[in-house]
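J.: Curious how this folds, go ahead:
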Amino acid sequence: MGNIIRMVKRCCGVLLKSLLPWALSLVVFFVVLPVSFLFEASSALSLEYIEGHPYFTFHAFSNAYDREDFDEISRLVSAGFDVNMHDPGGRTALTYVAANAQNETFAVKVTELLVLKGAKMNTEDSFCRTPIIYAIEDDRRALTAYLLDNGADPTLQSRAYNTPIIFVPFVRQRPALVSMIIAKCRDVNIRDFLGNTPLSWASRFGYLDSVRLLLQAGAHVNNRSIHDKTPLMEAAEKGQYDVAELLVEKGADVNIQTKKGWSALMWASEKGHTKIVSMLIEAKADLFARNAKGERALTIARTNNHPETAKTIEGAEFRERLKKGIMFGAPAVLLIIFGVVGIRYIAMHHKSKRQGGGF
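T.: Next up, the predicted model:
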(Lines give C-alpha, C1' and ligand atoms only; values in the text may rest on other atoms or scores of the structure.)
Protein backbone atom coordinates (compact mmCIF):
# COMPACT_ATOMS: atom_id res chain seq x y z
CA MET A 1 0.00 0.00 0.00
CA GLY A 2 2.87 2.34 0.85
CA ASN A 3 4.47 1.70 -2.54
CA ILE A 4 1.26 2.66 -4.32
CA ILE A 5 1.04 5.96 -2.43
CA ARG A 6 4.65 6.79 -3.25
CA MET A 7 4.03 6.06 -6.93
CA VAL A 8 0.95 8.29 -6.98
CA LYS A 9 2.91 11.17 -5.37
CA ARG A 10 5.73 10.69 -7.87
CA CYS A 11 3.29 10.77 -10.79
CA CYS A 12 1.61 13.92 -9.46
CA GLY A 13 4.98 15.61 -9.10
CA VAL A 14 5.96 14.77 -12.67
CA LEU A 15 2.57 15.94 -13.91
CA LEU A 16 2.81 19.27 -12.07
CA LYS A 17 6.32 19.88 -13.37
CA SER A 18 5.19 19.28 -16.92
CA LEU A 19 2.02 21.43 -16.61
CA LEU A 20 3.57 24.36 -14.72
CA PRO A 21 5.19 26.01 -17.76
CA TRP A 22 1.88 25.76 -19.61
CA ALA A 23 0.01 27.28 -16.66
CA LEU A 24 2.47 30.16 -16.44
CA SER A 25 2.12 30.74 -20.17
CA LEU A 26 -1.66 30.94 -19.82
CA VAL A 27 -1.37 33.46 -16.94
CA VAL A 28 0.97 35.64 -18.98
CA PHE A 29 -1.25 35.43 -22.05
CA PHE A 30 -4.61 36.01 -20.38
CA VAL A 31 -3.64 38.31 -17.47
CA VAL A 32 -0.29 40.04 -17.80
CA LEU A 33 -0.52 40.94 -21.47
CA PRO A 34 -4.08 42.40 -21.29
CA VAL A 35 -3.20 44.46 -18.20
CA SER A 36 -0.06 45.73 -19.87
CA PHE A 37 -2.05 46.59 -22.99
CA LEU A 38 -4.65 48.51 -20.99
CA PHE A 39 -1.96 50.44 -19.14
CA GLU A 40 -0.27 51.44 -22.39
CA ALA A 41 -3.63 52.32 -23.92
CA SER A 42 -4.56 54.55 -20.99
CA SER A 43 -1.25 56.36 -21.35
CA ALA A 44 -1.86 56.78 -25.05
CA LEU A 45 -5.31 58.21 -24.34
CA SER A 46 -3.68 61.18 -22.67
CA LEU A 47 -1.99 62.06 -25.93
CA GLU A 48 -4.77 61.68 -28.44
CA TYR A 49 -8.50 62.22 -28.74
CA ILE A 50 -10.27 58.89 -29.23
CA GLU A 51 -13.58 59.56 -30.89
CA GLY A 52 -16.49 57.54 -29.55
CA HIS A 53 -14.94 57.07 -26.10
CA PRO A 54 -15.69 60.34 -24.27
CA TYR A 55 -15.26 58.97 -20.75
CA PHE A 56 -11.83 57.59 -21.56
CA THR A 57 -10.90 60.99 -22.96
CA PHE A 58 -12.24 62.76 -19.87
CA HIS A 59 -10.22 60.35 -17.78
CA ALA A 60 -7.16 61.35 -19.78
CA PHE A 61 -7.88 65.00 -18.96
CA SER A 62 -8.46 64.38 -15.26
CA ASN A 63 -5.37 62.18 -15.12
CA ALA A 64 -3.23 64.92 -16.65
CA TYR A 65 -4.78 67.52 -14.37
CA ASP A 66 -4.12 65.45 -11.25
CA ARG A 67 -0.46 65.18 -12.31
CA GLU A 68 -0.42 68.96 -13.01
CA ASP A 69 0.80 68.26 -16.55
CA PHE A 70 -0.26 71.40 -18.39
CA ASP A 71 1.52 70.43 -21.63
CA GLU A 72 -0.47 67.21 -21.82
CA ILE A 73 -3.72 69.05 -21.15
CA SER A 74 -2.84 71.49 -23.93
CA ARG A 75 -2.19 68.60 -26.33
CA LEU A 76 -5.52 67.01 -25.44
CA VAL A 77 -7.38 70.25 -26.04
CA SER A 78 -5.52 70.90 -29.29
CA ALA A 79 -6.33 67.35 -30.45
CA GLY A 80 -10.05 68.05 -30.13
CA PHE A 81 -10.98 67.32 -26.52
CA ASP A 82 -14.53 68.64 -25.95
CA VAL A 83 -14.17 70.96 -22.95
CA ASN A 84 -17.93 70.78 -22.29
CA MET A 85 -18.29 66.99 -22.24
CA HIS A 86 -19.53 65.39 -19.04
CA ASP A 87 -18.02 62.55 -17.05
CA PRO A 88 -20.36 59.93 -15.48
CA GLY A 89 -20.87 62.31 -12.53
CA GLY A 90 -22.05 65.09 -14.78
CA ARG A 91 -18.88 67.12 -14.33
CA THR A 92 -17.34 69.13 -17.12
CA ALA A 93 -13.61 69.76 -17.26
CA LEU A 94 -14.16 73.19 -15.70
CA THR A 95 -16.21 71.70 -12.86
CA TYR A 96 -13.51 69.10 -12.25
CA VAL A 97 -10.86 71.81 -12.02
CA ALA A 98 -12.92 73.93 -9.62
CA ALA A 99 -13.66 70.94 -7.40
CA ASN A 100 -9.98 69.95 -7.27
CA ALA A 101 -8.21 73.30 -7.02
CA GLN A 102 -5.73 72.46 -4.28
CA ASN A 103 -3.03 74.14 -6.37
CA GLU A 104 -5.04 77.25 -7.13
CA THR A 105 -2.44 78.82 -9.40
CA PHE A 106 -2.45 75.73 -11.62
CA ALA A 107 -6.25 75.57 -11.48
CA VAL A 108 -6.57 79.15 -12.71
CA LYS A 109 -4.07 78.45 -15.51
CA VAL A 110 -6.06 75.43 -16.71
CA THR A 111 -9.33 77.35 -16.33
CA GLU A 112 -7.98 80.10 -18.58
CA LEU A 113 -7.23 77.49 -21.25
CA LEU A 114 -10.67 75.87 -20.93
CA VAL A 115 -12.46 79.23 -21.09
CA LEU A 116 -10.42 80.14 -24.15
CA LYS A 117 -11.73 76.94 -25.77
CA GLY A 118 -15.36 77.75 -24.93
CA ALA A 119 -15.96 76.11 -21.55
CA LYS A 120 -19.42 76.93 -20.17
CA MET A 121 -19.40 78.69 -16.82
CA ASN A 122 -22.78 77.88 -15.33
CA THR A 123 -23.25 74.15 -16.01
CA GLU A 124 -24.45 72.08 -13.04
CA ASP A 125 -23.13 68.60 -12.30
CA SER A 126 -25.04 65.68 -10.78
CA PHE A 127 -24.68 67.30 -7.35
CA CYS A 128 -26.34 70.50 -8.63
CA ARG A 129 -23.10 72.44 -8.29
CA THR A 130 -21.58 74.83 -10.81
CA PRO A 131 -17.83 75.54 -10.97
CA ILE A 132 -18.14 78.73 -8.93
CA ILE A 133 -19.97 76.92 -6.12
CA TYR A 134 -17.03 74.53 -5.74
CA ALA A 135 -14.64 77.50 -5.76
CA ILE A 136 -16.68 79.26 -3.06
CA GLU A 137 -17.00 76.16 -0.88
CA ASP A 138 -13.23 75.69 -0.85
CA ASP A 139 -12.53 79.43 -0.43
CA ARG A 140 -10.58 79.64 -3.72
CA ARG A 141 -10.43 83.41 -4.06
CA ALA A 142 -8.32 83.74 -7.20
CA LEU A 143 -10.37 81.09 -9.00
CA THR A 144 -13.66 82.65 -7.86
CA ALA A 145 -12.51 86.04 -9.11
CA TYR A 146 -11.55 84.62 -12.50
CA LEU A 147 -14.87 82.77 -12.87
CA LEU A 148 -16.82 85.91 -11.97
CA ASP A 149 -14.84 87.97 -14.47
CA ASN A 150 -15.59 85.45 -17.21
CA GLY A 151 -19.31 84.89 -16.96
CA ALA A 152 -20.16 83.02 -13.75
CA ASP A 153 -23.58 84.36 -12.69
CA PRO A 154 -24.01 84.77 -8.89
CA THR A 155 -27.75 85.44 -9.24
CA LEU A 156 -28.52 82.00 -10.68
CA GLN A 157 -30.57 79.69 -8.48
CA SER A 158 -28.47 76.95 -6.88
CA ARG A 159 -30.42 73.72 -6.51
CA ALA A 160 -27.74 72.44 -4.15
CA TYR A 161 -28.45 75.23 -1.67
CA ASN A 162 -32.01 76.07 -2.75
CA THR A 163 -30.97 79.69 -3.03
CA PRO A 164 -29.24 82.06 -5.49
CA ILE A 165 -25.48 81.53 -5.64
CA ILE A 166 -24.79 84.94 -4.08
CA PHE A 167 -25.92 83.52 -0.72
CA VAL A 168 -23.52 80.55 -0.78
CA PRO A 169 -20.57 82.54 0.71
CA PHE A 170 -22.81 83.48 3.64
CA VAL A 171 -23.93 79.89 4.17
CA ARG A 172 -20.30 78.70 4.04
CA GLN A 173 -19.08 81.77 5.97
CA ARG A 174 -16.59 83.04 3.40
CA PRO A 175 -16.48 86.79 4.15
CA ALA A 176 -13.61 87.49 1.75
CA LEU A 177 -15.68 86.14 -1.15
CA VAL A 178 -18.87 88.01 -0.22
CA SER A 179 -17.60 91.42 -1.30
CA MET A 180 -16.10 89.93 -4.46
CA ILE A 181 -19.44 88.43 -5.48
CA ILE A 182 -21.51 91.47 -4.48
CA ALA A 183 -19.44 93.58 -6.86
CA LYS A 184 -20.55 91.32 -9.73
CA CYS A 185 -24.20 90.98 -8.69
CA ARG A 186 -26.81 92.70 -10.87
CA ASP A 187 -29.45 92.76 -8.13
CA VAL A 188 -28.24 93.29 -4.56
CA ASN A 189 -31.82 93.06 -3.27
CA ILE A 190 -32.29 89.50 -4.53
CA ARG A 191 -33.88 87.18 -1.95
CA ASP A 192 -33.32 83.62 -0.80
CA PHE A 193 -36.15 81.18 -0.14
CA LEU A 194 -36.65 82.67 3.35
CA GLY A 195 -36.95 86.18 1.99
CA ASN A 196 -33.52 87.25 3.25
CA THR A 197 -31.51 89.70 1.19
CA PRO A 198 -27.70 89.72 1.07
CA LEU A 199 -27.83 92.70 3.45
CA SER A 200 -29.75 90.60 5.99
CA TRP A 201 -27.11 87.85 5.82
CA ALA A 202 -24.18 90.28 6.00
CA SER A 203 -25.77 92.07 8.97
CA ARG A 204 -26.37 88.81 10.81
CA PHE A 205 -22.77 87.64 10.41
CA GLY A 206 -21.26 91.07 11.05
CA TYR A 207 -19.54 91.42 7.66
CA LEU A 208 -19.06 95.18 7.95
CA ASP A 209 -17.25 95.69 4.63
CA SER A 210 -19.94 93.71 2.82
CA VAL A 211 -22.70 95.73 4.50
CA ARG A 212 -21.02 98.94 3.44
CA LEU A 213 -20.58 97.68 -0.13
CA LEU A 214 -24.21 96.51 -0.33
CA LEU A 215 -25.51 99.86 0.89
CA GLN A 216 -23.35 101.66 -1.66
CA ALA A 217 -24.74 99.36 -4.36
CA GLY A 218 -28.33 100.26 -3.47
CA ALA A 219 -29.41 97.64 -0.94
CA HIS A 220 -32.66 98.57 0.81
CA VAL A 221 -31.80 99.21 4.43
CA ASN A 222 -35.26 98.37 5.80
CA ASN A 223 -36.02 95.23 3.75
CA ARG A 224 -37.82 92.55 5.75
CA SER A 225 -37.32 88.80 5.64
CA ILE A 226 -40.11 86.23 5.61
CA HIS A 227 -39.83 86.37 9.42
CA ASP A 228 -40.47 90.12 9.22
CA LYS A 229 -37.01 91.04 10.48
CA THR A 230 -34.98 93.96 9.12
CA PRO A 231 -31.17 93.92 8.74
CA LEU A 232 -30.96 96.13 11.85
CA MET A 233 -32.91 93.56 13.84
CA GLU A 234 -30.54 90.83 12.62
CA ALA A 235 -27.50 92.84 13.71
CA ALA A 236 -29.10 93.81 17.04
CA GLU A 237 -29.98 90.22 17.89
CA LYS A 238 -26.53 88.86 16.99
CA GLY A 239 -24.64 91.63 18.79
CA GLN A 240 -23.03 93.09 15.65
CA TYR A 241 -22.47 96.60 17.01
CA ASP A 242 -20.48 98.12 14.14
CA VAL A 243 -22.98 96.86 11.59
CA ALA A 244 -25.96 98.09 13.62
CA GLU A 245 -24.35 101.50 14.00
CA LEU A 246 -23.67 101.75 10.26
CA LEU A 247 -27.25 100.72 9.40
CA VAL A 248 -28.62 103.41 11.72
CA GLU A 249 -26.29 105.98 10.14
CA LYS A 250 -27.59 104.98 6.71
CA GLY A 251 -31.24 105.45 7.66
CA ALA A 252 -32.40 102.20 9.23
CA ASP A 253 -35.68 102.75 11.07
CA VAL A 254 -35.01 101.93 14.73
CA ASN A 255 -38.71 101.71 15.57
CA ILE A 256 -39.94 99.23 12.95
CA GLN A 257 -41.70 96.33 14.65
CA THR A 258 -42.41 92.81 13.43
CA LYS A 259 -45.93 91.43 13.24
CA LYS A 260 -45.39 90.18 16.79
CA GLY A 261 -44.36 93.65 17.88
CA TRP A 262 -40.63 93.11 18.27
CA SER A 263 -38.27 96.01 17.59
CA ALA A 264 -34.49 96.09 17.20
CA LEU A 265 -34.27 97.38 20.79
CA MET A 266 -36.21 94.37 22.04
CA TRP A 267 -33.97 91.90 20.15
CA ALA A 268 -30.86 93.53 21.62
CA SER A 269 -32.43 93.58 25.10
CA GLU A 270 -33.32 89.89 24.93
CA LYS A 271 -29.68 88.97 24.22
CA GLY A 272 -28.18 91.48 26.65
CA HIS A 273 -26.28 93.51 24.05
CA THR A 274 -26.02 96.61 26.25
CA LYS A 275 -23.80 98.59 23.91
CA ILE A 276 -26.25 98.19 21.04
CA VAL A 277 -29.15 99.03 23.38
CA SER A 278 -27.41 102.30 24.33
CA MET A 279 -26.78 103.14 20.67
CA LEU A 280 -30.41 102.48 19.73
CA ILE A 281 -31.65 104.59 22.65
CA GLU A 282 -29.37 107.40 21.46
CA ALA A 283 -30.97 106.97 18.01
CA LYS A 284 -34.43 107.62 19.53
CA ALA A 285 -35.64 104.03 19.82
CA ASP A 286 -39.06 103.88 21.47
CA LEU A 287 -38.47 102.72 25.04
CA PHE A 288 -42.14 102.27 25.78
CA ALA A 289 -43.14 100.25 22.69
CA ARG A 290 -44.75 96.91 23.51
CA ASN A 291 -44.78 93.60 21.67
CA ALA A 292 -47.81 91.35 21.17
CA LYS A 293 -47.38 90.02 24.72
CA GLY A 294 -47.40 93.51 26.16
CA GLU A 295 -43.67 93.43 27.00
CA ARG A 296 -41.40 96.46 26.83
CA ALA A 297 -37.65 96.29 26.22
CA LEU A 298 -37.06 96.74 29.97
CA THR A 299 -39.32 93.78 30.79
CA ILE A 300 -37.56 91.61 28.21
CA ALA A 301 -34.09 92.46 29.59
CA ARG A 302 -35.20 91.63 33.14
CA THR A 303 -36.92 88.39 32.10
CA ASN A 304 -33.73 87.19 30.39
CA ASN A 305 -31.49 88.07 33.36
CA HIS A 306 -29.53 90.95 31.84
CA PRO A 307 -29.26 93.38 34.80
CA GLU A 308 -26.77 95.73 33.13
CA THR A 309 -28.99 96.06 30.06
CA ALA A 310 -32.06 96.54 32.26
CA LYS A 311 -30.26 99.26 34.24
CA THR A 312 -29.37 101.09 31.02
CA ILE A 313 -32.97 100.99 29.80
CA GLU A 314 -34.33 101.94 33.23
CA GLY A 315 -32.10 105.01 33.36
CA ALA A 316 -33.16 106.02 29.86
CA GLU A 317 -36.83 105.58 30.76
CA PHE A 318 -36.40 107.78 33.84
CA ARG A 319 -34.74 110.53 31.80
CA GLU A 320 -37.46 110.24 29.16
CA ARG A 321 -40.23 110.54 31.76
CA LEU A 322 -38.47 113.47 33.39
CA LYS A 323 -38.09 115.14 30.03
CA LYS A 324 -41.76 114.60 29.23
CA GLY A 325 -42.68 115.89 32.69
CA ILE A 326 -40.73 119.05 32.08
CA MET A 327 -42.15 119.47 28.60
CA PHE A 328 -45.75 119.02 29.66
CA GLY A 329 -45.39 120.29 33.24
CA ALA A 330 -43.63 123.58 32.49
CA PRO A 331 -46.54 125.13 30.56
CA ALA A 332 -48.91 124.20 33.39
CA VAL A 333 -46.61 125.73 35.99
CA LEU A 334 -46.24 128.87 33.91
CA LEU A 335 -50.00 129.02 33.48
CA ILE A 336 -50.49 128.81 37.23
CA ILE A 337 -47.85 131.46 37.85
CA PHE A 338 -49.34 133.79 35.28
CA GLY A 339 -52.77 133.09 36.74
CA VAL A 340 -51.67 133.95 40.26
CA VAL A 341 -49.87 137.05 39.06
CA GLY A 342 -52.92 138.09 37.07
CA ILE A 343 -55.28 137.62 40.01
CA ARG A 344 -53.00 139.60 42.29
CA TYR A 345 -52.71 142.34 39.70
CA ILE A 346 -56.49 142.59 39.36
CA ALA A 347 -56.92 142.59 43.14
CA MET A 348 -54.35 145.32 43.55
CA HIS A 349 -55.95 147.32 40.76
CA HIS A 350 -59.38 147.16 42.41
CA LYS A 351 -57.89 148.10 45.76
CA SER A 352 -56.17 151.15 44.34
CA LYS A 353 -59.40 152.30 42.67
CA ARG A 354 -61.31 152.09 45.92
CA GLN A 355 -58.64 154.02 47.72
CA GLY A 356 -58.67 156.67 45.00
CA GLY A 357 -62.45 157.09 45.24
CA GLY A 358 -62.17 157.78 48.93
CA PHE A 359 -60.17 161.02 48.43
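J.: all strands of the chain, in order?
T.: Counting by DSSP state E, residue ranges of the strands within the chain are 157-158, 163-164.
J.: Pull the distance from the first one to the chain's centre.
T.: The chain centroid and the centroid of strand 157-158 are separated by 13 Å, computed with CA atoms, centre = their mean, to the nearest Å.
J.: same thing with stretch 184-191?
T.: Distance, centroid of stretch 184-191 to centroid of chain: 13 Å (CA atoms, centre = their mean).
J.: Packed most tightly, which of the strands of the chain would that be?
T.: strand 163-164 (a mean of 20; mean count of other CB atoms under 10 Å). (Glycine included, C-beta is placed from N, CA and C.)
J.: Now distance to Leu194 and mean pLDDT too, for the strands of the chain, in CSV please.
T.: CSV is the format used below for the strands of the chain (distance: least, CB to CB, whole Å; pLDDT from 0 to 100):
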stretch, distance to Leu194, mean pLDDT
strand 157-158, 14, 87
strand 163-164, 8, 87
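J.: what does the domain assignment say about the chain?
T.: Annotated domains of the chain cover 83-186, 188-253, 258-341 [automatic domain parsing].
J.: what about the nearest residue to Arg204 once chain neighbours are set aside, how many neighbours?
T.: Leaving aside its sequence neighbours, Arg204 sits nearest to Glu234 (CB to CB, 6 or more residues apart in numbering; 4.2 Å). Neighbours of Glu234 under the rule other CB atoms under 10 Å: 26.
J.: for Gln240, same thing?
T.: That count, for Gln240 with other CB under 10 Å as the rule, works out to 25.
J.: what about it, distance to Lys275?
T.: 11 Å (CB to CB, to the nearest Å).
J.: thought Phe106 was touching Arg67?
T.: No. Contact criterion CB atoms under 8 Å: Phe106 and Arg67 do not qualify, at 10.5 Å.
J.: Specify which residue of these two has the higher count of neighbours.
T.: Phe106 (16 against 11).
J.: give me every residue that touches the more buried one.
T.: Applying CB atoms under 8 Å, 6 or more residues apart in numbering to Phe106 gives the contacts Glu68, Phe70.
J.: how does it look with 6 Å?
T.: For Phe106, the contact set (CB atoms under 6 Å, 6 or more residues apart in numbering) comprises Glu68.
J.: hmm, back to that, output the domains of the chain as CSV; include the columns distance to Asp71.
T.: Listed next are the domains of the chain as CSV, based on distance: least, CB to CB, whole Å:
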stretch, distance to Asp71
domain 83-186, 11
domain 188-253, 41
domain 258-341, 58
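J.: Lowest average pLDDT across the ones you listed?
T.: Lowest mean pLDDT of the domains of the chain: domain 258-341, a mean of 88.
J.: sorry, back to before: do you know how far the residue nearest to Arg204 is from Arg191?
T.: Counting by CB to CB, the gap from Glu234 to Arg191 is 14 Å.
J.: Please apply the same query to Leu208.
T.: On the measure of CB to CB, Leu208 and Arg191 end up 22 Å apart.
J.: what's the answer for Gly151, then?
T.: From Gly151 over to Arg191 the distance is 23 Å, taken as CB to CB.
J.: If you count surrounding residues, which of the two has more?
T.: Higher neighbour count among Gly151 and Arg191: Arg191, with 17 against 12, using other CB under 10 Å.
J.: okay, now the closest residue to the more buried one other than its chain neighbours: neighbour count?
T.: Among residues not flanking Arg191 along the chain, Thr197 sits closest, at 5.8 Å (CB to CB, 6+ apart). Other residues lying near Thr197 total 23 when counted by other CB under 10 Å.
J.: go on, Asp209?
T.: 13.
J.: which residues does it contact?
T.: Contacts of Asp209 by CB under 6 Å, 6+ apart are Ser179.
J.: and what of the one 4 residues further on?
T.: Applying CB under 6 Å, 6+ apart, we find Leu213 in contact with Ser179, Ile182.
J.: same check, this time on Leu199
T.: Per CB under 6 Å, 6+ apart, neighbours of Leu199: Leu214, Ala219, Pro231.
J.: Could you report the neighbour count for the last one?
T.: Meaning Pro231. Neighbours of Pro231 (other CB under 10 Å): 34.
J.: How about the contacts made by it?
T.: Leu199, Ser200, Ser203, Leu247.
J.: doesn't Ala236 make contact with the third one?
T.: No. Using CB atoms under 6 Å, Ser203 is not in contact with Ala236, being 9.1 Å away.
J.: In the contacts of Pro231, find the pair that's most separated.
T.: Ser200 and Leu247 (10.8 Å; CB to CB).
J.: what's the span of stretch 171-187 from first residue to last?
T.: 19 Å (CA to CA, to the nearest Å).
J.: swap that for stretch 262-278, please
T.: 17 Å.
J.: Okay, buried residues for that stretch please.
T.: The neighbour-count check on stretch 262-278 (16 or more other CB atoms under 10 Å) flags 262-274, 276-278 as buried.
J.: Stretch 74-88 now?
T.: For stretch 74-88, using 16+ other CB under 10 Å, the buried residues are Arg75, Leu76, Val77, Phe81, Asp82, Val83, His86, Asp87.
J.: Identify the farthest-apart pair in the residues you listed.
T.: Arg75 and His86 (21.4 Å).
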